[in-house]
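K.L.:
Fold the following.
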Amino acid sequence: MTRQAHRLSLFSWSLDRAAFAAYLLGAVVPLVALAVVLQRWALPSLSDDVPRLGLVGLVLSIGVLSAAAFLALRRVTWRTVTTMRRDNERLAALLDAAGRLAEAPGPAEAGASAVAAAVRMAEARGACLLVPVPGEPPKLHSAAGEAGLFDRLGAPLAALATQASRDQRPALLGGRGGETNAAALPMPGVGVLAVAAAEGRPLSAADVGSLEMLATLASVAARRAQLIHAQRNFFVHVTDMLVAALDAHLDLQAGHSRRVAELANRLGRSLALDEESRQRLHFAALLHDVGMLRIPPARFGDPKAYRQHPGLGHRMLAPIQLWGEIAPLVLHHHEWFDGQGYPDGLAGEAIPLEARIIALCEAFDSMTSTSSYKPPIERAEAVSRIEAGSGTQFDPRVVGAFQALLASGEI
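P.N.:
Residues are numbered from 1 along each chain as shown. Model prediction:
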């Protein structure tokens, strides 16, 4: 951030022009009118030079005082506008940092973003993230600003960071006249943000306040990233537990869900699905038969009972927020592209793309796997049946991607 030098021209800023116009109309014009009146009517009537000189001096004094008042007002206005501009820039930098921190995948990334933002926000010489180590000096994690700054100021900044970490409040390093040359701000869950002021520009109270807010945002972002990681870890492990339970429940079809998920992942990449869609596809493929857990093994051969498993799986997953987005994919993985499937008879693009992918993958694995209730068929025959079902049972675009993977040897 570069600060523009102030120019003393009366017309350097539009605000100056407005102030000068107001001064001209409110002070100069009346003063000139007064001078004209004195010149034409008052002074000629005076025979003595002393009153005459007194009136002239009065007019000149008023003019000088008026000009001095204008210049003083202009300087106050300039300082006010400069402060407002600086506050706006600091706020803009804080908002930008908040956006970046919201996307931080972990505490380390949140700390690095805070360090980069601190230099911009405080127009600082440099900043760094120091991580406290019990019984040892804090360790440097990341830095921004002047190269090699931590090598030269490492000891003072480390001491400041230790104090901030111990007291869990900002620690300031002052200079002459109460100036703040450096500040250390604790970021619980991340470390300590240490900021060194630029030469000739100490950190102001507003700078320290905005840096404290930045440190708070970084801590919140770090805790949020940790929570998301914990949720994802829970999601993955509970999904694995359900798949293991499903394998044990289905017995002969053990491993079916994982094979379907593996093939679905390849088709998802081939069809250029984005990362979020591929994640939904993966977990929906793993849990596409989870409704079978609600069907007793004695009824596995009953077509009426089997057709219930998509709806049962949907009802199991839909109330759980972490699985809410994959529940519709589980519900519709037995829909046909021509509308002859179940449970809702959806057709074409009305069927979620991920569900259309799972439908093909499940059919291929069921036809070729030895762990199935039906005798497996040759792979070539399975491929032929899938190709024959293009446009009826299967989405032609998904079939095309499947054929491309076969041709490349990825299946």
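K.L.:
Low-confidence ranges, the stretch 1-150 of the chain, go.
P.N.:
1-59, 61-63, 65, 81-83, 87 (pLDDT under 70).
K.L.:
Okay, helices next: where are they in it?
P.N.:
14-23, 29-37, 49-102, 107-122, 149-167 (DSSP state H, counting those that start in this stretch).
K.L.:
Is the residue nearest to Leu160 when sequence neighbours are not counted within a helix or a strand, and which one?
P.N.:
Using CB to CB, 6 or more residues apart in numbering and skipping the chain neighbours, the partner closest in space to Leu160 is Ala184 (4.0 Å). For glycine as for every other residue, the C-beta is placed from the backbone atoms N, C-alpha and C. Element membership of Ala184 [criterion: DSSP states H and E] is strand 180-187.
K.L.:
Against which helices or strands is that strand packed?
P.N.:
Applying 3 or more CB pairs under 8 Å, 6 or more residues apart in numbering; DSSP states H and E, we find strand 180-187 packed against helix 107-122, helix 149-167, strand 171-174, strand 191-196, helix 205-250.
K.L.:
Buried deepest among those, which one?
P.N.:
Stretch with highest mean neighbour count among these: strand 191-196 (a mean of 29; mean count of other CB atoms under 10 Å).
K.L.:
strand partners of that one, parallel vs antiparallel please.
P.N.:
When pairing is defined by DSSP bridges, strand 191-196 lines up against strand 126-133 (antiparallel), strand 180-187 (antiparallel).
K.L.:
circling back: show me the one of the helices and strands packed on strand 180-187 that comes nearest Ala404.
P.N.:
When the helices and strands packed on strand 180-187 are compared by CB to CB, helix 205-250 sits nearest Ala404, at 28.1 Å.
K.L.:
What helices and strands are in contact with the closest one?
P.N.:
Partner elements for helix 205-250 (3+ CB pairs under 8 Å, 6+ apart): helix 49-102, helix 107-122, strand 180-187, strand 191-196, helix 256-270, helix 275-286.
K.L.:
The nearest residue to Arg269 once chain neighbours are set aside and Glu362, how far apart?
P.N.:
Excluding its sequence neighbours, the residue lying closest to Arg269 (CB to CB, 6+ apart) is Arg278, at 6.9 Å. As for Arg278, its distance to Glu362 is 17 Å (criterion: CB to CB, to the nearest Å).
K.L.:
Kindly report the same for Gly145.
P.N.:
56 Å.
K.L.:
longest single strand anywhere in the chain?
P.N.:
Ranked by number of residues, the top strand in the chain under DSSP state E is strand 136-145.
K.L.:
Neighbouring strands - and their directions - for that one?
P.N.:
Sheet pairing here is set by DSSP bridges, and for strand 136-145 it gives strand 126-133 (antiparallel).
K.L.:
So which bits of the strand it pairs with are buried?
P.N.:
For strand 126-133, the buried set under the neighbour-count rule, 16 or more other CB atoms under 10 Å, comprises Gly126, Ala127, Cys128, Leu129, Leu130, Val131, Pro132.
K.L.:
partners of the fourth one in the sheet?
P.N.:
Assessed by DSSP bridges, Leu129 has beta-bridge partners Ser142, Leu193.
K.L.:
Contacts only, for it.
P.N.:
Leu129 makes contact with 111-112, 114-115, 140-143, 187, 190-194 under the criterion CB atoms under 8 Å, 6 or more residues apart in numbering.
K.L.:
Equivalent analysis for the last one, please.
P.N.:
Pro132 makes contacts with Pro138, Ala161, Thr162, Ser165, Gly191, Val192, as judged by CB under 8 Å, 6+ apart.
K.L.:
Between which two of those residues is the distance greatest?
P.N.:
The widest separation within those (CB to CB) is 11.6 Å, between Thr162 and Gly191.
K.L.:
that older thread, could you dump the contacts of Leu129 to TSV with distance to Glu381?
P.N.:
Converted to TSV, those look like this (distance: CB to CB, whole Å):
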residue	distance to Glu381
Gly111	58
Ala112	55
Ala114	60
Val115	61
Leu140	64
His141	59
Ser142	58
Ala143	63
Met187	62
Val190	58
Gly191	61
Val192	66
Leu193	65
Ala194	69
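K.L.:
Out of those, which comes closest to Pro105?
P.N.:
Checking those against Pro105 with CB to CB, the nearest one is Ala112 at 11.1 Å.
K.L.:
what's the burial count for the closest residue to that closest one other than its chain neighbours?
P.N.:
Spatial nearest neighbour of Ala112, excluding adjacent residues (CB to CB, 6+ apart): Ser142 at 4.4 Å. Applying other CB atoms under 10 Å, we find 18 residues neighbouring Ser142.
K.L.:
and Ser142, what does it touch?
P.N.:
Shown in contact with Ser142 (CB under 8 Å, 6+ apart): Ala108, Gly111, Ala112, Val115, Cys128, Leu129.
K.L.:
quick one: it from Ile386, how far?
P.N.:
Taking CB to CB, one finds Ser142 at 52 Å from Ile386.
K.L.:
Can you list the low-confidence ranges for the stretch 301-411 of the chain?
P.N.:
371-374.
K.L.:
Mind jotting down where the helices sit in it?
P.N.:
For the stretch 301-411 of the chain, applying DSSP H, counting those that start in this stretch gives helices covering 303-306, 309-317, 327-331, 353-368, 379-388, 396-408.
K.L.:
closest to His237 out of those?
P.N.:
Nearest of the helices of the stretch 301-411 of the chain to His237, taken as CB to CB: helix 309-317 at 16.0 Å.
K.L.:
Go through that closest one and flag the buried ones.
P.N.:
Those would be His309, Pro310, Gly311, Leu312, Gly313, His314, Met316, Leu317, for helix 309-317 by 16+ other CB under 10 Å.
K.L.:
Pull the most distant pair out of those.
P.N.:
His309 and Leu317, at 12.2 Å, using CB to CB across the buried residues of helix 309-317.
K.L.:
How about the contacts made by the residue nearest to Arg269?
P.N.:
Asn265, Gly268, Arg269.
K.L.:
how about Arg125, phi and psi?
P.N.:
phi -70, psi -40 (degrees, to the nearest 10).
K.L.:
Surely it touches Phe150?
P.N.:
No. Assessed by CB atoms under 8 Å, Arg125 is found out of contact with Phe150, at 11.2 Å.
K.L.:
got a markdown table for the strands paired with strand 191-196, with distance to Val236 too?
P.N.:
Converted to a markdown table, the strands paired with strand 191-196 look like this (distance: least, CB to CB, whole Å):
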| stretch | distance to Val236 |
| --- | --- |
| strand 126-133 | 28 |
| strand 180-187 | 28 |
